[in-house]
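**Student:** with the sequence up front, the predicted model follows.
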Protein chains: 4
Amino acid sequence: MTRVAIVGGAGYTALELIKILLRHGGAEIVAVTDLQEGRPHISTIHPSLIGRLDICLENLSPAEVSARADCVFTCLPHGAAASLIPHFLDGGTRVVDFSADYRLNDPEVFATWYNQKHGDPDRLGKVPYGLPELFRDRIADAPLVANPGCFPTSASLALAPLLKAGLIEPTGIIVDSKTGVSGAGRTPRLTTHYPECNESISAYNVGRHRHTPEIEQVLTTVAGAKVEVIFSPHLVPMDRGILTTTYSQPIGPPSEEKVLTTLSDFYAEEPFVRVVDHLPATKDVSGTNFCHVTARVVRNRVITISCIDNLIKGASGAAVQNFNIMYGYPETTAL
Amino acid sequence: MTRVAIVGGAGYTALELIKILLRHGGAEIVAVTDLQEGRPHISTIHPSLIGRLDICLENLSPAEVSARADCVFTCLPHGAAASLIPHFLDGGTRVVDFSADYRLNDPEVFATWYNQKHGDPDRLGKVPYGLPELFRDRIADAPLVANPGCFPTSASLALAPLLKAGLIEPTGIIVDSKTGVSGAGRTPRLTTHYPECNESISAYNVGRHRHTPEIEQVLTTVAGAKVEVIFSPHLVPMDRGILTTTYSQPIGPPSEEKVLTTLSDFYAEEPFVRVVDHLPATKDVSGTNFCHVTARVVRNRVITISCIDNLIKGASGAAVQNFNIMYGYPETTAL
Amino acid sequence: MTRVAIVGGAGYTALELIKILLRHGGAEIVAVTDLQEGRPHISTIHPSLIGRLDICLENLSPAEVSARADCVFTCLPHGAAASLIPHFLDGGTRVVDFSADYRLNDPEVFATWYNQKHGDPDRLGKVPYGLPELFRDRIADAPLVANPGCFPTSASLALAPLLKAGLIEPTGIIVDSKTGVSGAGRTPRLTTHYPECNESISAYNVGRHRHTPEIEQVLTTVAGAKVEVIFSPHLVPMDRGILTTTYSQPIGPPSEEKVLTTLSDFYAEEPFVRVVDHLPATKDVSGTNFCHVTARVVRNRVITISCIDNLIKGASGAAVQNFNIMYGYPETTAL
Amino acid sequence: MTRVAIVGGAGYTALELIKILLRHGGAEIVAVTDLQEGRPHISTIHPSLIGRLDICLENLSPAEVSARADCVFTCLPHGAAASLIPHFLDGGTRVVDFSADYRLNDPEVFATWYNQKHGDPDRLGKVPYGLPELFRDRIADAPLVANPGCFPTSASLALAPLLKAGLIEPTGIIVDSKTGVSGAGRTPRLTTHYPECNESISAYNVGRHRHTPEIEQVLTTVAGAKVEVIFSPHLVPMDRGILTTTYSQPIGPPSEEKVLTTLSDFYAEEPFVRVVDHLPATKDVSGTNFCHVTARVVRNRVITISCIDNLIKGASGAAVQNFNIMYGYPETTAL
């Protein structure tokens, strides 16, 4: 039995994580922390946990967390994660980090996109990026794993096999993503106020979204050549789900069959990626750790369409997948 | 041409009011006020007004508003309205008030339900309640009209004719209402954060909602006997619309035909109330000033089902209807 | 390992059932039947099962099903169930029936509400109603269990303890329910066409819904006195969830505390019913087998508010709960 | 007063058209036809018209329609329109056609994309494409106007000025569109069944949607060079609205300012197109005849983002705009 703690328990990814862990025979939730006053029962924050998890939110120090837990899932804002994680690691606790703090290898790139100096720059570049389908062998023994961003997961799973196989040009790749509103987190804002975003779709942060360098870094690593993407996220009136449509230039005469076969072969042994012939919908993977992906060739452009549940494969499911690899549980446990 | 000002222009009712007034040949919008810093163009607050209304939000004193406008629509929080409206009236400006400040006749009742002492208690009881279908003759000459609440409009239009005709008992009336989220206003809160209220329905303020005494006062006036209701509002994942289902005890042997005929006769000359045979849907009246209402008799209970658009007939449409009556325009102008 | 078959595999309840059974260590899905031509892979009907269940839909005779399976879940239209189930039972296969065919004890009542003569009238009255919280001891040894309707589950769990304790009058009970659209099944109709029912709420079948006699029968059994309800279902723009608000007359001086305590005591040992102090939302129980219920006393009326996921506790989760009881698995297995 | 008839009155575009015409001082609705049995009142098909339009749906011959009306709006399926419209024209009635039958100039292209031989091929190429912002001068005197498709409107308004100014390459243009469900019409299908498409986004007809040749024809005409697009529509869980994101290759060094200025200058005098600096949302134009459009330059790609209400500017509003031009009413009348 692995003792796990969740640091930052009030948000949606923490809630999904808890729901998954409650089905996990090998994990025991020993602490959920938050900055709240007092020690509110978790069901006052997450009513859906009534009668399912009997624990109070505590405001614990890193040392207190390390004393109790073998593994910590950090669900913290960017910046805050890097200020706490070194303490957990020093305390001998392994960490799966939901933030972006350890995803990028270069502190300069981090500073440029996140408008802050990185708090733990020496560790950057040594932390595995927790997308098992691409980097599984680096995860098993890592003390710290950087859980991937939701958009990068949806884009990377679609594009990586094609770049690796040299089927598409590494530059000028269009990544047009559509996400449900839970991706914006649980803090109320005008843009996610129901009557504002319901019955509406809009683009946001076009060309400036922080997942851009993350997508490029992952794909550059896989492609062995500098990848450049034009990334446009869109906000869709639904709770959860990401659909990512990419457009890229084929190298050589394009063939839809070749593209689909390359994807299928790449993921033949993967438990959570399914290459499909039809055009997938986010509902097909809602509540699951699956990614469905397909491809089309239209007028000399390669189009990929992939979908995930942003809170599961795009966050908490991926975290448990990484946890399973780190602790030697079957990779699909609880997923 | 009547010069109108809108005081409190950042919310949803103000936006709907502006859209209606833009179609109104007799009204000219001369000012929209708000407490914002600077003088932002209204389209920065309401992007849907781009190219439709060229005006800046101003932070004006009551005297400045009165100097410009013949009529003011006050879209202010409860309490704030009563602190400003006496100044408009002193300045010779007529007022349609969207708040609850002048709806209740009794300052004690106001204090009990709104947790504050009324700021202008002497005027209470002299201000007509702006539901033309019930109180039209008091509106035409009034300097100030209290625009009705959304739930009270939906409940009163269904129940008033039956109470007046003595068909149902005045006490023990169940009012089970279902509203879209725009009724909660434009200020982001956790309860109206998209991923919280989407794909969910819940009751709120059961037995404690502030529209309870308003419904009772209106119906008591019409019935000539003390009316008591049990009022339960529910929050429904949609932008707009209220459906109200009421259950009451018939006096004498009940007859569905009699109930429907009573409703039809009562509203025979009304431009905005339609008594229908089928079970109406809020979508049927969405974006309009109409109320659709029907009735059923089941196991010796009279059931009414009525629906309105909470932002139109439940707020801004009703306000313009009152404005039309006050200024002698055809009552349906712009509606 | 119990071999299970699902008869009628194309609908939403079958899909949810399969998802639950895939997590069930003791159940093996050996057949899924449907009237489709050919033997389509189940993932062509339910894309969310891609890579999760490798089985083809078959058009099997009852004898063929009985030869393979120990237990059959029948997800068939009313009428069709009663024409097949006797064959399964004759073949020695136990059955959990999702239809209404065996829920009512009286063939006359069935004929009145379902507009057809019952095909297996002699069995009526001998089949346990599969609501374990009320009738657990009749389920364990039953060859056939009638899985409850979704609305009756939400209403009965709230009202049964209060009727049994003699706290409320058995007649004149208002049951105002609100349901998500999946309750209408998977066959496209105009009323469930997205642009018709989205952004709208409406009542339907007021006083005439077929769950009326079912609610009354269950509650009459519990109360030991004839129960009469006025039942009004409403269609809410969301996928899943039922919120039921009931209004009843207290016997003797009402006390909110007494009502809540009665509910809490009644469900103290139940794994899936939670009596809460706050007003619950359907989202709190979405995707789970839980029922959350609370109560209020307002103006001498007892109000209960209960919510379930109509596809889980209102259908497939309840079916697996019954299955667990029938086959000796822990009642919460896979739920 | 212009007497207008609506042929094919049961769908969503007919309903929106009627709502607009009811506000139009110069148009009198003299007939609404449909193939229904009997002469049902229009409010039985469209409950939102109760008390607003008192007319019955009739099954009229073209000659009967022409005898009554000066102008016909044909809201018919592809193919059916071309079989009726010649009769209206022969009868001296002018026509605004909502179908695709007269949008394409080349009968071969029509046959390829619509899988049918065109029924009136000689007229193709002589019918103005009813997008006033691009082809206003051909509309005023035309007996027949082909009302544009919804996707082509959103894409053409964004791209035409840039192609005309030679700012972008005419080939390899990505058009990634997102539409609300009403665009699929009013006939219930599984793909538009509420529980299927709610809380989900998917792509459909990628590279094969029939609006592809329409977009290419319009833009080729404007550009004076063969335009080729890769068109991917997506279905979004909302009633109405289209957001189109395009990606194209700049000619020469790209400048965001130049692109935005080109758009602003092009539409400086247009009443219904607004070039904005922010990223627009479909809600901003919902229920209006406006198109909001903006542009960005990212990594040497020109991105445009435009949005319309698919039922108004994408269908019925555009039709009335064309009607206004044809009959000499101010172009913004009723819009």
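**Tutor:** On my side now, so go ahead.

**Student:** where is the longest helix in chain A?
**Tutor:** Determined from DSSP state H, the single longest helix within chain A is helix A:150-164.

**Student:** counting by contacts, list what that one packs against.
**Tutor:** Using 3 or more C-beta pairs under 8 Å, 6 or more residues apart in numbering or on different chains; DSSP states H and E, the elements in contact with helix A:150-164 are helix A:132-135, strand A:173-179, helix A:211-223, strand A:229-235, strand A:242-248, helix A:256-266, strand A:291-298, strand A:301-308. Yep, even glycine has a C-beta here, placed from its N, CA and C like the rest.

**Student:** relative to chain D, which of those is closest?
**Tutor:** Ranking the helices and strands packed on helix A:150-164 by proximity to chain D (C-beta to the nearest C-beta) places strand A:291-298 first, at 3.3 Å.

**Student:** residue contacts, A:I312?
**Tutor:** A:I312 sits next to A:16, A:20, A:285, A:287-289, A:318, A:335 when contact means C-beta atoms under 8 Å, 6 or more residues apart in numbering or on different chains.

**Student:** state the distance from whichever residue of chain A sits closest to chain B to B:R186.
**Tutor:** Closest residue of chain A to chain B, C-beta to the nearest C-beta: A:P188 (3.8 Å). Distance, A:P188 to B:R186, by C-beta to C-beta, to the nearest Å: 12 Å.

**Student:** let me see the contact set for A:G79.
**Tutor:** A:G79 neighbours (C-beta under 8 Å, 6+ apart): A:99, A:101, A:114, A:116, A:119.

**Student:** so which residues of chain A form strands?
**Tutor:** Along chain A, the segments classed as strands by DSSP state E run A:2-7, A:27-33, A:57-58, A:71-74, A:94-97, A:144-146, A:173-179, A:202-203, A:229-235, A:242-248, A:273-275, A:291-298, A:301-308.

**Student:** in JSON lines, list these along with mean pLDDT, distance to chain C and mean neighbour count.
**Tutor:** Converted to JSON lines, the strands of chain A look like this (pLDDT from 0 to 100; distance: least, C-beta to the nearest C-beta, whole Å; neighbours: other C-beta atoms under 10 Å in any protein chain shown):
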{"stretch": "strand A:2-7", "mean pLDDT": "98", "distance to chain C": "20", "mean neighbour count": "24"}
{"stretch": "strand A:27-33", "mean pLDDT": "97", "distance to chain C": "16", "mean neighbour count": "21"}
{"stretch": "strand A:57-58", "mean pLDDT": "96", "distance to chain C": "17", "mean neighbour count": "20"}
{"stretch": "strand A:71-74", "mean pLDDT": "98", "distance to chain C": "21", "mean neighbour count": "26"}
{"stretch": "strand A:94-97", "mean pLDDT": "98", "distance to chain C": "23", "mean neighbour count": "25"}
{"stretch": "strand A:144-146", "mean pLDDT": "98", "distance to chain C": "24", "mean neighbour count": "26"}
{"stretch": "strand A:173-179", "mean pLDDT": "98", "distance to chain C": "17", "mean neighbour count": "26"}
{"stretch": "strand A:202-203", "mean pLDDT": "98", "distance to chain C": "18", "mean neighbour count": "24"}
{"stretch": "strand A:229-235", "mean pLDDT": "98", "distance to chain C": "18", "mean neighbour count": "25"}
{"stretch": "strand A:242-248", "mean pLDDT": "98", "distance to chain C": "14", "mean neighbour count": "27"}
{"stretch": "strand A:273-275", "mean pLDDT": "98", "distance to chain C": "5", "mean neighbour count": "24"}
{"stretch": "strand A:291-298", "mean pLDDT": "98", "distance to chain C": "7", "mean neighbour count": "23"}
{"stretch": "strand A:301-308", "mean pLDDT": "98", "distance to chain C": "11", "mean neighbour count": "27"}
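
**Student:** need the ones you listed in JSON lines with distance to C:E216, can you?
**Tutor:** Shown next, in JSON lines, are the strands of chain A (distance: least, C-beta to C-beta, whole Å):
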{"stretch": "strand A:2-7", "distance to C:E216": "46"}
{"stretch": "strand A:27-33", "distance to C:E216": "44"}
{"stretch": "strand A:57-58", "distance to C:E216": "44"}
{"stretch": "strand A:71-74", "distance to C:E216": "49"}
{"stretch": "strand A:94-97", "distance to C:E216": "53"}
{"stretch": "strand A:144-146", "distance to C:E216": "57"}
{"stretch": "strand A:173-179", "distance to C:E216": "46"}
{"stretch": "strand A:202-203", "distance to C:E216": "49"}
{"stretch": "strand A:229-235", "distance to C:E216": "47"}
{"stretch": "strand A:242-248", "distance to C:E216": "46"}
{"stretch": "strand A:273-275", "distance to C:E216": "47"}
{"stretch": "strand A:291-298", "distance to C:E216": "45"}
{"stretch": "strand A:301-308", "distance to C:E216": "45"}
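
**Student:** wait, A:F272 touches A:L335, no?
**Tutor:** Yes. A:F272 is within contact range of A:L335, at 7.3 Å (criterion: C-beta atoms under 8 Å).

**Student:** what residues are shared contacts of the two?
**Tutor:** Joint contacts of A:F272 and A:L335 (C-beta under 8 Å, 6+ apart) are A:289, A:321.

**Student:** could you list the buried residues of stretch A:33-41?
**Tutor:** Buried positions in stretch A:33-41, judged by neighbour count with 16 or more other C-beta atoms under 10 Å in any protein chain shown: A:33-34.

**Student:** show residues contacting it.
**Tutor:** A:5-10, A:45, A:54-60, A:65.

**Student:** start and end of that stretch, how far apart?
**Tutor:** By C-alpha to C-alpha, to the nearest Å, the extent of stretch A:33-41 from end to end equals 11 Å.

**Student:** break chain A down into its domains, please.
**Tutor:** With domains defined by automatic domain parsing, chain A comprises A:2-148+A:314-327, A:150-310.

**Student:** how about these in JSON lines, adding distance to C:A81?
**Tutor:** JSON lines is the format used below for those (distance: least, C-beta to C-beta, whole Å):
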{"stretch": "domain A:2-148+A:314-327", "distance to C:A81": "32"}
{"stretch": "domain A:150-310", "distance to C:A81": "28"}
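
**Student:** what parts of chain A come near chain C?
**Tutor:** By C-beta under 8 Å from any C-beta of the partner chain, the residues of chain A that approach chain C are A:23, A:47-48, A:50-51, A:199, A:271, A:274, A:276, A:278, A:280-281, A:283-288, A:290, A:292.

**Student:** just the buried residues out of the residues you listed, in ChimeraX syntax.
**Tutor:** This is how ChimeraX selects the buried members of the residues of chain A next to chain C, with burial counted by 16+ other C-beta under 10 Å:
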select /A:47,48,50,51,199,271,274,276,280,281,283,284,285,286,287,288,290,292
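
**Student:** which of the residues of chain A next to chain C come close to chain D?
**Tutor:** When C-beta under 8 Å from any C-beta is applied, the members of those adjacent to chain D are A:199, A:280-281, A:283-284, A:286.

**Student:** residues in chain A within reach of chain B, list them.
**Tutor:** A:12, A:180-182, A:186, A:188-190, A:192-199, A:237-240.

**Student:** these, buried ones only, as a ChimeraX selection?
**Tutor:** In ChimeraX, this line selects whichever of those come out buried by 16+ other C-beta under 10 Å:
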select /A:12,180,181,182,186,188,192,193,194,195,196,197,198,199,237,238,239,240
